[in-house]
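here is a sequence together with a model predicted from it:
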Amino acid sequence: MRSRSIPLNTHTYSSMLNVCVKSGEVEMALDVFNQMLVEGLQPNLVTYNTLLEVYAKRGMWREAVGVLDNLERQRLVPEPRTYNIVMNACNAARQYASCIKVHARMVFQKIPPTVGTYNAVILAHCKLDQLGAAQQVFREMQQQGCQPTHTTFITLLQTAETRGQAEVAVSLVEQMQSMSLRLTPQCYAAAIGACAAAGQLASARKLLSEMLASSKAGMAAPAHIIMGLQDKCCDWQGAFRTYQKLLASGVRPDNQTTATAIEALWSAGNIGSCLLALQVFEHACKQGVFRLAVSVHTAEPAVEFTLPITGTCMAIISLWRLLAELRGRVLRDGPRILRNSVAVLLGDGQSVVANLQAAMKQWCAVPSVPFVVRPSHGQQVLLTAQAAELAQWLMGEQSLMLCPVMPPAADLEHLPQQTLLDLEAVSLAECRQRLKDARSREAKLLHVNALPAAYSQARASLWQQLQTAAATLRPSQPQLPFLALVLLDQAAATGLLQQQGVEAAMSTVPEAWMLAASMLLGSQAATAITAAAAGSSASTSSNHTPLTEQQVAGQFDVTAEEMLVAVHRLRDACGAAVKANVCAYTVAELYLDAMLAGQLDRKVAASCLIGEALSLCAVAVKEASALEIPPSHLAAVVVAAGRQAQGLYPVWPKVLWVLTGISNPVGEMQQLLLQNLVLEAGRLP
């Protein structure tokens, strides 16, 4: 054009700029724009809109906002598209507050918004965790006659999932259905995640059923996505059935699919599901899906194992399987095979495995474990141990206690899968009924969060007396002192207990009398609980026979008449609370029973499932904050503490979530109690 003396104008440069943008030549586009300015040409709105696309692609959000200032100076009226590009540029650069400011500027200038405008500002509010503001913009969008798109809904749904806003997510799904918008697996996943995060498993499972019933959404979702959603819904049996269908169809599950199935089964926490998770893992090893890599570094010298896992539970199983094999090698060939040190790399190096770092730090924090977590390159987690310490640990008994179930690989081939699933269902049903009864009884207990000061000071000493008496009178009933203490707390809460050194009132009962009365009634409660658990109250075992009045009275050096006076006064003052028969220890035993489902002929120690939780109950009752927590919830905190101290993952298994309806037993108010219990667990013999 120049060779023919044809002058270049604004339209010419705008066209050139547009060609550069469409060709992906961003740098050339900027050169064209700068040349335009050098030649003294004035950009028009078309030029600026094209330039904004360049800025957006380069992440130059400040320059994009500056274009709006230039338009004002030139008295050019921006189009909605102009503002939309600027807002999207801000969002792409994670400058969400600037996006909202640009939107406010657009509103001030009375530029009509489009669907793209609303989508951009909704995204900005969601990214700033301003779900309320995003919902307000969403309502305004509909009031202005703009039809929300799939993008609008998925943005809101994902934010609802992050915040655990189940009601919001369900409402959004219903709106999409009413507008005949197609619900994709991504939409369902976010809504299900929101319900699961809020602990509303029934709503999550209903949405999952809708998704699987939908031919489009159900068929479009890969198997690992479906199993992942079943895991979120705490439907580990459903995830296992999905995995089995995949195998039956002749499809070979890949690493991600295998890891998802293992995650669902192992995180359930009960023995039967853990055995099935191990079976899935062994099958993956045989199919070559999971391959261990070993390298020996002669310079250090050291042995390095690489476990290419894609899930936290898969990492735990593969690590324990490796350690079991190393134990056999060390016992057979001696510790020299470990060289000077051992390193274990966990992860495939391609993506970060959620919760893996935290799970390994928790495991390595167990006092006996010789491994430490080291900084690692890339996406993997690195564990290291000195060979001598590792060999000593492997040859000891403590290494065997860290895994709940680890039978020989050959035994896993012949697992009675359906039997395990059936046993689990029966156990859960029984435990659910027992927990329902326990919660019904604990509702009758009086609130004891504000006990008399004199009693609070003496409570630890009284607890010790109850422990000593129970160990002497009925050592086979460990729940006895806990039940007696609950009754003693009830007496103190009603002002019935006469404390030593405190002026006696006419309505009070001497301390020794009440200790004896609490032990007698506690014995009757313990006997009833033991008989119910055994399924027969007609047994002649001493555990099924309450302590006699003479036994208890003699232990506390009071007469039977004095003790019975205290019993009658306690019943009159506390009413139904006396028959509550519930304490944290008995509920913790119930939780243990739920986790033992599926152990078949192989007996598993309680400490392998809940750590020292039962022993920690004696620590918890002495904590002042524990008085404010109902026994069933206190038992949950104790179990979580026991598992954390033992390095078990997850700390709160899904089988207990399904049983209790509690997604996380440790809230802000229980954090300090949990920390104290974990510390005390490390000091237990």
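Thanks, I have the structure now.

tell me where the model's unsure across the stretch 101-250 of the chain.
Across the stretch 101-250 of the chain, the ranges flagged by pLDDT under 70 are 215, 217-219.

before we move on, what about the chain?
Using pLDDT under 70, the chain drops low at 1-45, 215, 217-219, 377, 400-410, 499-507, 533-544, 601-602.

one more time with 50
Judged by pLDDT under 50, the chain has its weakly predicted residues at 1-2, 6, 506, 536-540.

which helix in it runs the most residues?
helix 417-442 (DSSP state H).

now do the buried residues in the helix or strand following that one.
Elements were assigned by DSSP states H and E; along the chain past helix 417-442, the next helix or strand is helix 453-473. Neighbour-count burial for helix 453-473, counted by 16 or more other CB atoms under 10 Å, picks out Tyr455, Ala458, Arg459, Leu462, Trp463, Gln465, Leu466, Gln467, Ala469, Ala470, Leu473. Yep, even glycine has a C-beta here, placed from its N, CA and C like the rest.

could you measure the second one against Glu511, distance?
Computed with CB to CB, to the nearest Å, the distance linking Ala458 and Glu511 is 8 Å.

hmm, who's touching stretch 272-285?
With contact meaning CB atoms under 8 Å, 6 or more residues apart in numbering, stretch 272-285 is reached by 236-237, 240, 243, 253, 255, 258, 261-262, 265-266, 268, 290-291, 313-314, 317-318, 321, 404-407, 409, 412-413, 415, 417, 420-421, 423-424, 597-599, 655.

and if we set it to 7 Å?
For stretch 272-285, contacts defined as CB atoms under 7 Å, 6 or more residues apart in numbering pick out 236, 240, 243, 258, 261-262, 265-266, 290, 313-314, 317, 404-405, 409, 412, 415, 417, 420-421, 423-424, 597-598.

tell me which of those fall in helices.
Using DSSP H, those in helices are 236, 240, 243, 258, 261-262, 265-266, 313-314, 317, 409, 412, 417, 420-421, 423-424.

can you show me the strands along the stretch 151-300 of the chain?
Assigned by DSSP state E, counting those that start in this stretch, the stretch 151-300 of the chain shows strands spanning 293-297.

follow-up on the earlier one: narrow the ones in helices among the contacts of stretch 272-285 to those that are buried.
Here, 16+ other CB under 10 Å leaves 236, 240, 243, 258, 261-262, 265-266, 313-314, 317, 409, 412, 420-421, 423-424 buried among the ones in helices among the contacts of stretch 272-285.

what residues of stretch 283-300 count as buried?
Result for stretch 283-300 [16+ other CB under 10 Å]: buried residues His283, Ala284, Cys285, Val289, Phe290.

pipe those residues into JSON lines and attach distance to Leu71 per row.
JSON lines is the format used below for the buried residues of stretch 283-300 (distance: CB to CB, whole Å):
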{"residue": "His283", "distance to Leu71": "64"}
{"residue": "Ala284", "distance to Leu71": "60"}
{"residue": "Cys285", "distance to Leu71": "64"}
{"residue": "Val289", "distance to Leu71": "58"}
{"residue": "Phe290", "distance to Leu71": "59"}
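
which of these sits closest to Ile337?
Nearest to Ile337 out of these is Cys285 (CB to CB; 21.3 Å).

and the gap between the closest one and Ile262?
Cys285 is 12 Å from Ile262, by CB to CB.

do Thr530 as well
37 Å.

circling back: out of the buried residues of helix 453-473, who's nearest Val121?
Arg459 (57.3 Å).

what residues are up against Leu172?
Phe153, Leu156, Leu157, Ala160.

repeat for Ser399
Contact partners of Ser399, counting by CB under 7 Å, 6+ apart, are Leu323, Arg327, Trp393.

can you add secondary structure, distance to Arg434 and neighbour count and give these back as TSV?
Listed next are these as TSV, based on DSSP: H, G, I helix; E, B strand; the rest coil; distance: CB to CB, whole Å; neighbours: other CB atoms under 10 Å:
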residue	secondary structure	distance to Arg434	neighbour count
Leu323	helix	36	21
Arg327	helix	38	18
Trp393	helix	38	20
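
out of those, which comes closest to Arg439?
Closest to Arg439, out of all of these and judged by CB to CB, is Leu323, at 39.8 Å.

from Tyr118, how far off is the closest one?
Distance from Leu323 to Tyr118, counting by CB to CB: 55 Å.

the helices in the stretch 201-350 of the chain, which residues?
Ranges of helices in the stretch 201-350 of the chain, per DSSP state H, counting those that start in this stretch, are 201-213, 215-220, 223-232, 236-248, 255-266, 271-286, 312-333.

which of those helices is buried the deepest?
helix 255-266 (a mean of 27; mean count of other CB atoms under 10 Å).

before we move on, back to that, closest to Tyr585 out of the helices of the stretch 201-350 of the chain?
Smallest distance to Tyr585 across these (CB to CB): 21.5 Å, for helix 271-286.

hmm, back to that, now which of the contacts of Leu172 would you call buried?
Buried members of those, counted by 16+ other CB under 10 Å: Phe153, Leu156, Leu157, Ala160.

residue contacts, the second one?
Translated: Leu156. Ile122, Cys126, Ala134, Phe138, Leu172.

need the contacts of Ser399 in a markdown table (columns: distance to Thr306).
What follows is these, written out as a markdown table (distance: CB to CB, whole Å):
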| residue | distance to Thr306 |
| --- | --- |
| Leu323 | 15 |
| Arg327 | 20 |
| Trp393 | 21 |
